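Asker: Here is the input, now give the coordinates:
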Amino acid sequence: MLTKDITVKIFSVILAFLLWLYVMGDENPEIPYEMTNIPVKIVNINTLEKKGLTIVDEKNYYVTLRLRGRRNDILKLKSTDITAQADLSRVTSKGINVIPIDINGLPNNIALVSISPSEIKVNVDYIAQIEMPVNIEISGNIAEGYAMMPAVSKPEKVSISGPKSKINLVKNVVAQVNVSNKNKDMNISVPVIALDKDNKEVKGINIDPKFVNINIKVNKTVKVPVNAKIIGKVQDGYDIASVNVMPEYVYITGSDSILDNIKSINTKQIDITGLNHKITQDIPYDLPEGAKLVKNDSTAKVFIDIQKVITKDIVINNIQVKDNQNRNPQLSNQTVTVTVSGVESVVNSAGPDSFNAYVDVSNFGSGKQNVNINVTTTLNLKIIKINPDKANVTIP
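Answerer: Below you'll find the predicted structure:
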């Protein structure tokens, strides 16, 4: 009887325990669970540098975890408790390296069913470093009446490092500055940009320093004529017919105190000693100290026409009579011959209409007077002789 009671009691305990397991299992069942967008932490990057390697394209990686555990345990789980990491100490060479993802922070009562993806692919290349000058790219137009001096970058060069494949793409390094409507000195900090052969930015590299200081002097400008500075004497029997300078005017810049004293600028000396023909030369400007050209053209083109000197007689059939007393004086002869000298082209172009012949009787009294004949011309000619040089005038 006693044995029977003990057996019943044991059976009751076992039944109670099974019933408890059933109840607990029904209230806190084992369930699957998925955690998404878990960031992958890249660790031991410094080991790459020690091997002379670096990541070509750094980017963010994310994984999805499939888990299984009791509901109460799953509900207590936080994504911040879990870390996914890829250890770059496993990388040994350049190229595409497959790195497995390790999961840490999961409680022992929660099972990791799967990781998706379970590995990442990291492109690795050798580290390269170069030094390049900074080219300053100017956009916009300075304020009217002002000019900018050459821009200066400090520092003048930058160091560029990163994957060798990307460093090889870099063909130019620029700092871009907009000067629209500026009328005073500029000193600004601008970012440095590395460009490829198509002027597209090369990313994924390190530039040191990332910013440079650009200094630009801005001064007033003035427009002044350019004079050719000629020395020496041409061959006997020849003379200068014309001198032309291109450009006729230039814009110069400098401090106000310098510009206020400049009315024109000269070229460097041009020696024409003994010449008997036309010449064309590119001659540097002779700028006053402290003055600079707005444009970078350093020379002016000078045209000097040297011609033979000839003489010519020109008959003028109309001699005017000037009299401020309005007495209607009468001229006995109306013709005069003028002998002129000058360069060939000017002499050959001269005719009677090129001269003004006249007598002035304003200071003479009445009667017959013998008055000097005057001849003038606007041409670059020398009047050698006037024949006759006097005219008879009858004044009422």
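Asker: Can you give the domain ranges for this protein?
Answerer: If you go by automatic domain parsing, the domain ranges for the chain are 32-126, 134-216, 220-309, 317-395.
Asker: Make TSV from those and add mean pLDDT and mean neighbour count to it.
Answerer: Using the backbone N, CA and C atoms, a C-beta is placed for each residue, glycine as well. Shown next, in TSV, are these (pLDDT from 0 to 100; neighbours: other Cβ atoms under 10 Å):
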stretch	mean pLDDT	mean neighbour count
domain 32-126	92	15
domain 134-216	94	15
domain 220-309	93	15
domain 317-395	92	15
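Asker: Make sure Val245 is actually in contact with Ser264.
Answerer: No. In this structure Val245 lies outside contact range of Ser264 using Cβ atoms under 8 Å: 10.8 Å.
Asker: overlap in contacts of the two?
Answerer: Common contact partners of Val245 and Ser264 (Cβ atoms under 8 Å, 6 or more residues apart in numbering): Val226, Asn227.
Asker: Show me what secondary structure element comes after the host helix or strand of Ser165.
Answerer: Ser165 belongs to helix 164-167 when assigned by DSSP states H and E. Using DSSP H and E, the helix or strand that follows helix 164-167 towards the C-terminus is strand 172-178.
Asker: ok so, going back, elements contacting the helix holding Ser165?
Answerer: strand 119-133 (3 or more Cβ pairs under 8 Å, 6 or more residues apart in numbering; DSSP states H and E).
Asker: And the contacts of the helix or strand just after the strand it packs on?
Answerer: For strand 119-133, the following helix or strand on the C-terminal side (DSSP H and E) is strand 135-139. Residues from elsewhere that reach strand 135-139, judged by Cβ under 8 Å, 6+ apart: 148, 151, 153, 172-180, 214.
Asker: Select the longest strand from this protein.
Answerer: strand 299-316 (DSSP state E).
Asker: my guess is Lys41 meets Ile82, correct?
Answerer: No. Applying Cβ under 8 Å as the test, Lys41 and Ile82 come out as separate, 11.1 Å apart.
Asker: coming back round to it: give me the residues contacting the helix holding Ser165.
Answerer: Applying Cβ under 8 Å, 6+ apart, the set of residues contacting helix 164-167 is Val56, Asp125, Tyr126, Ile127, Ala128, Gln129, Ile130, Ile160, Ser161, Val202, Gly204, Ile205.
Asker: Distance to Gly274 added to these, as a markdown table?
Answerer: Output for the contacts of helix 164-167, formatted as a markdown table (distance: Cβ to Cβ, whole Å):
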| residue | distance to Gly274 |
| --- | --- |
| Val56 | 72 |
| Asp125 | 70 |
| Tyr126 | 69 |
| Ile127 | 69 |
| Ala128 | 64 |
| Gln129 | 62 |
| Ile130 | 57 |
| Ile160 | 60 |
| Ser161 | 65 |
| Val202 | 62 |
| Gly204 | 69 |
| Ile205 | 64 |
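Asker: and which of the residues you listed is nearest Thr299?
Answerer: Closest to Thr299 out of those is Ile130 (37.2 Å), distances taken as Cβ to Cβ.
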